[in-house]
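*Asks:* coords please:
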Amino acid sequence: MAEYNFREIEQKWQGYWKEKGTFKAEVDTHRPKFYSLDMFPYPSGAGLHVGHPLGYIASDIVSRFKMLKGFNVLHPMGYDSFGLPAEQYAIQTGQHPAITTEQNITRYTEQLKNIGFAFDWDREVRTSDPSYYKWTQWIFMQLFNSYYDQDADKAVSISSLISRFEKEGNANIKAVCDDDTPTFSAAEWNAFSEKEKQEMLLKYRLTFLAETTVNWCPALGTVLSNDEVKDGFSERGGHPVERKKMMQWSMRITAYADRLLQGLEKVDWSEPIKEMQRNWIGKSIGAEVLFDVKGSDKKIKVFTTRVDTIFGVTYLALAPESDLAAELVTEDQRETAEAYIQVAKNRSERERMSDVKTISGAFTGSYAINPFNGEEIQIWVADYVLAGYGTGAVMAVPAHDERDYNFAKHFGLEIRQVIEGSMENGSFPGKGGLIINSGFISGLYMKEAMQKCIEFLEEKGIGKGKIQYRMRDAIFTRQRYWGEPLPVYFKDGLPYLIEEKDLPLVLPEVDKYLPTEDGEPPLGRAKDWTYKTADGEYPLELSTMPGWAGSSWYFFRYMDPKNEAVFADKSKTDYWGAVDLYIGGSEHATGHLLYSRFWTKFLYDLGVVNIDEPFQKMINQGMIQGRSNFVYRLKGSNTFVSYGLKEQYDTSAMHVDVNIVHNDQLNLDKFKAWRPDLADAEFILEDGKYLCGSEVEKMSKSKYNVVNPDDIIERYGADTLRLYEMFLGPLEQFKPWNTNGIDGVYKFLRKVWNLYHNTAGEFAVSDEKANKEELKALHKAIKKMEEDMANYSFNTSVSSFMICVNELTALKCNKREVLEPLAVLISPYAPHIAEELWSLLGHSGSITTAKFPEFKEEYLVESNFEYPVMINGKMRAKLDLPLSLSVSEIEKSALADATVQKWLEGKAPKKVIIVPGKIVNLVV
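*Replies:* Numbering: from 1, shown residues only. Below is the predicted model:
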């Protein structure tokens with residue numbers, strides 16, 4: 001048998017690719033481009049486990065396949081290197097996050113290179129590198145200097161808005177701005193002070209400073225996104241989180257809400273991901289209604305999609321975070337209501353949305369006036385109302401809304417039906433039903449009634465028709481150290497941009513990575529954190545950008561990563577365009593993907609890129625789950641019972657490190673050395689072995705089921721790892737890792753190797769012409785891979801390779817005509833062995849420059865067919881005959897066959913039925 005020395009082969013070809021720059025991508029207008037991209041990783045201290053490379057392997061296979069198809073492929077890799085874990089480690093140890101991050105990146109890069117990815121490492125970017133975040137800061141500055149013009153339906157320079165203000169004021173300007181923006185004339189604008197003008201412009205800018213309700217974590221000293229909070233505690237560290245109002249930078253992503261919705265129709269993404277984005281954006285068409293508060297000049301603004309049900313309103317409900325909630329509490333309700341507000345407002349919005357079973361609330365003691373019928377209705381505080389959606393106030397119609405109904409039943413409030421129908425089973429929405437008990441709209445149907453109500457609101461000046469979005473403007477600052485500094489200084493309490501020539505604004509050194517004693521962010525510890533202008537020296541912004549800033553545009557920087565003059569050269573962004581294949585986890589559906597689409601549309605409006613959707617095709621890979629192993633300790637002892645015997649004893653299960661288990665058999669010596677308390681362990685074995693139990697669980701350190709790809713590569717090779725990860729199942733599905741199955745893939749690669757070598761271990765490929773069966777085996781595999789690559793079905797291609805190699809092995813095929821294209825065929829999956837075989841076949845360059853073998857249907861067309869011969873309804877013989885024979889020739893051959901003659905017993909058949917290519921039927 002020929003020796004397949006995978007370690008030597010893989011090191012050789014990884015060195016070759018690096019030396020020759022095999023995967024270096026350049027603009028080449030003579031070839032079609034293909035941009036293949038993975039969601040770039042955060043470099044954690046733990047490094048990669050076998051679940052992480054799954055998507056990278058899939059994108060690498062596609063990239064290599066496209067190279068073979070003649071495409072100019074851009075396949076880069078980099079690191080989303082700002083992040084809270086490095087900062088938390090810095091707080092604990094005092095080590096600068098940059099050092100930790102650099103160490104982690106070195107480890108990640110080494111692991112990725114060992115797997116043999118076709119990355120263009122010359123294009124590597126890191127979000128924490130000043131040469132990169134210079135351009136993140138530049139994009140922030142463009143957003144600050146832009147507003148959204150609704151007539152043009154795009155972002156426009158703020159300078160043009162100022163010009164319009166100077167000439168005509170803002171009464172006729174259709175632009176996205178804050179709800180409380182006042183109307184002013186040109187004369188009033190021109191009379192404003194500089195401070196007043198800047199304050200007004202903040203109401204229009206696409207990035208702006210405003211008081212916002214946030215998730216504040218005192219222990220971490222920072223604001224957290226909704227994704228980082230679970231059940232009122234920080235996801236990292238489990239610290240309490242409270243909702244509070246703070247001055248924060250925000251991005252006016254809501255200006256792009258409609259375009260973000262429309263853009264989903266242009267991209268090839270899974271429907272569930274599109275639906276998640278649609279739900280997050282949450283477009284609603286309805287009306288805004290103003291309710292007066294009895295005995296007060298305060299008004300409550302409500303957004304509703306069912307203004308036709310306004311005569312059925314029996315109470316108003318306010319979000320606990322609402323300023324009005326606290327202001328409207330009367331003395332007789334103060335103790336109860338304020339206690340409720342304090343608890344309720346610190347529950348995250350996500351938690352409150354998902355917890356539909358818990359019904360809670362408190363009466364404020366105040367009443368509102370229904371503007372349609374003058375009725376007094378109670379004002380309550382309820383945590384099912386969210387400050388982040390609509391106006392933070394709900395007009396409750398219990399008869400026709402399930403949450404309102406449950407709340408009203410719980411607190412004994414009136415339930416008034418205003419749509420015809422049965423309430424036997426509780427509330428019902430009644431869309432399309434006849435309106436009843438509703439004054440001037442009684443007898444109308446929903447659509448007409450809504451229109452009448454909106455006309456009434458606008459006529460009386462107490463409301464208007466409105467389109468509302470669930471999505472809120474995105475908070476853009478964190479009170480952390482390890483993030484991009486904002487290029488902003490403060491003068492008279494107002495924000496101004498530093499000059500572009502002073503970019504990047506580099507993160508300063510600090511003595512500690514904690515907030516200051518006064519509660520300011522860590523940048524408050526920096527010395528001379530100020531900005532000098534011609535008229536003085538001013539303090540710089542102390543907060544940093546959120547984790548999503550750098551990842552919202554990195555796909556453009558890969559196109560031109562070394563450019564110091566612009567964020568990316570226009571000719572290069574025009575050539576590479578949108579990402580053709582983007583692979584990553586579905587957990588980023590409402591974060592990274594939305595923000596990236598937003599920034600891309602903004603950059604498109606600026607004219608610096610020619611696409612408004614960044615990712616044309618996206619696949620969300622499933623998770624590789626861990627396969628945990630268990631040992632069974634005899635209770636009260638240090639004796640462990642083998643799996644098959646455990647029912648005979650009183651035992652308790654204990655996770656064991658899967659890396660000291662092979663095919664569920666425990667390595668006893670390694671187990672004793674695993675932990676000090678196990679050094680004297682004793683075992684009750686079965687058939688001389690200790691067999692472990694197993695269970696599929698999430699891969700995590702605590703379950704000791706993390707498998708390091710380095711260990712797999714050391715034992716079996718990178719090509720085996722790549723093939724096996726694809727062989728586990730469809731890319732999008734969750735699937736368990738089972739090291740037990742990897743031996744079969746390793747043996748397959750040895751079979752491939754042996755096809756090209758004789759029994760003496762010598763390379764032995766013949767130039768003899770291949771026969772029909774050998775070509776058939778090859779072309780079946782070519783056809784299958786073409787089909788699978790079109791459908792991104794990676795696991796079935798591996799199966800087809802195995803079938804092909806088994807058939808060629810059985811045929812003892814060693815023909816160049818077959819084995820040369822076979823090496824090309826498997827090269828995207830197992831590049832190292834393919835490169836070595838390509839070299840042995842006499843080629844001087846990389847196999848990536850080869851041409852993908854052409855499928856020829858003729859090799860799959862059968863020339864013969866094995867006919868079943870039925871005699872009196874029973875199959876008595878089989879005849880292998882050419883498909884070219886006529887019916888009479890088939891009959892003649894059948895009647896001449898010795899087996900058929902035996903069953904005919906010398907008789908002539910009464911009836912002969914022949915279906916060419918199917919069957920011969922004889923009736924005696």
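*Asks:* Identify each buried residue in stretch 501-514, please.
*Replies:* Leu503, Pro504, Leu505, Leu507, Val510, Tyr513, Leu514 (16 or more other C-beta atoms under 10 Å). Placement of C-beta: from N, CA and C, glycine included.
*Asks:* Give me the phi and psi angles of the third one.
*Replies:* In this entry, Leu505 is assigned phi and psi values of phi -80, psi 110 (degrees, to the nearest 10).
*Asks:* Check the fourth one too.
*Replies:* In terms of degrees, to the nearest 10, the main-chain angles of Leu507 are phi -60, psi 130.
*Asks:* By residue count, what's the longest helix in the chain?
*Replies:* Taking DSSP state H as the criterion, the chain has its longest helix at helix 772-791.
*Asks:* So for that one, mean pLDDT?
*Replies:* Mean per-residue pLDDT for helix 772-791: 96.
*Asks:* what packs against that helix?
*Replies:* helix 794-810, helix 816-826 (3 or more C-beta pairs under 8 Å, 6 or more residues apart in numbering; DSSP states H and E).
*Asks:* swap the cut-off to 6 Å and go again
*Replies:* helix 794-810 (3 or more C-beta pairs under 6 Å, 6 or more residues apart in numbering; DSSP states H and E).
*Asks:* returning to what we had before: and which of the buried residues of stretch 501-514 is nearest to Ile742?
*Replies:* Closest approach between the buried residues of stretch 501-514 and Ile742, by C-beta to C-beta: Tyr513, at 42.3 Å.
*Asks:* Tell me the spacing between that closest one and Glu242.
*Replies:* 22 Å (C-beta to C-beta, to the nearest Å).
*Asks:* what bits of this structure have low per-residue confidence?
*Replies:* For the chain, the stretches flagged by pLDDT under 70 are 1, 227, 388.
*Asks:* Just give the closest residue to Pro429, not the sequence neighbours.
*Replies:* His400 (5.6 Å; C-beta to C-beta, 6 or more residues apart in numbering).
*Asks:* so what's that neighbour up against?
*Replies:* Thr309, Ile419, Ser427, Pro429, Gly430 (C-beta atoms under 6 Å, 6 or more residues apart in numbering).
*Asks:* ok, and the most crowded of these?
*Replies:* Thr309 (28 neighbours; other C-beta atoms under 10 Å).
*Asks:* Go through the longest helix of the chain and flag the buried ones.
*Replies:* 774-786, 788-789.
*Asks:* by how many degrees do that helix and helix 816-826 diverge?
*Replies:* Counting by axes from the mean of the first three to the mean of the last three C-alpha atoms, to 10 degrees, helix 772-791 lies at 20 degrees to helix 816-826.
*Asks:* Name the strands paired with the strand or helix carrying Ala210 and say parallel or antiparallel.
*Replies:* Using DSSP states H and E, Ala210 sits within strand 207-217. According to DSSP bridges, strand 207-217 forms sheet pairs with strand 222-224 (antiparallel), strand 242-251 (antiparallel).
*Asks:* which ones among the buried residues of stretch 501-514 are found in helices?
*Replies:* Per DSSP H, the buried residues of stretch 501-514 never map to helices.
*Asks:* And these, which two are furthest apart?
*Replies:* Among the buried residues of stretch 501-514, Leu503 and Leu514 lie farthest apart (C-beta to C-beta), at 27.6 Å.
*Asks:* Ala565 in helix, strand or coil?
*Replies:* Secondary structure state of Ala565, per DSSP: H, G, I helix; E, B strand; the rest coil, is coil.
*Asks:* Then Val696?
*Replies:* strand.
*Asks:* which one is it nearest to, not counting chain neighbours?
*Replies:* Leaving aside its chain neighbours, Val696 sits nearest to Pro736 (4.2 Å; criterion: C-beta to C-beta, 6+ apart).
*Asks:* State the distance from that neighbour to Ser694.
*Replies:* The value you get for Pro736 to Ser694, if C-beta to C-beta is used, is 9 Å.
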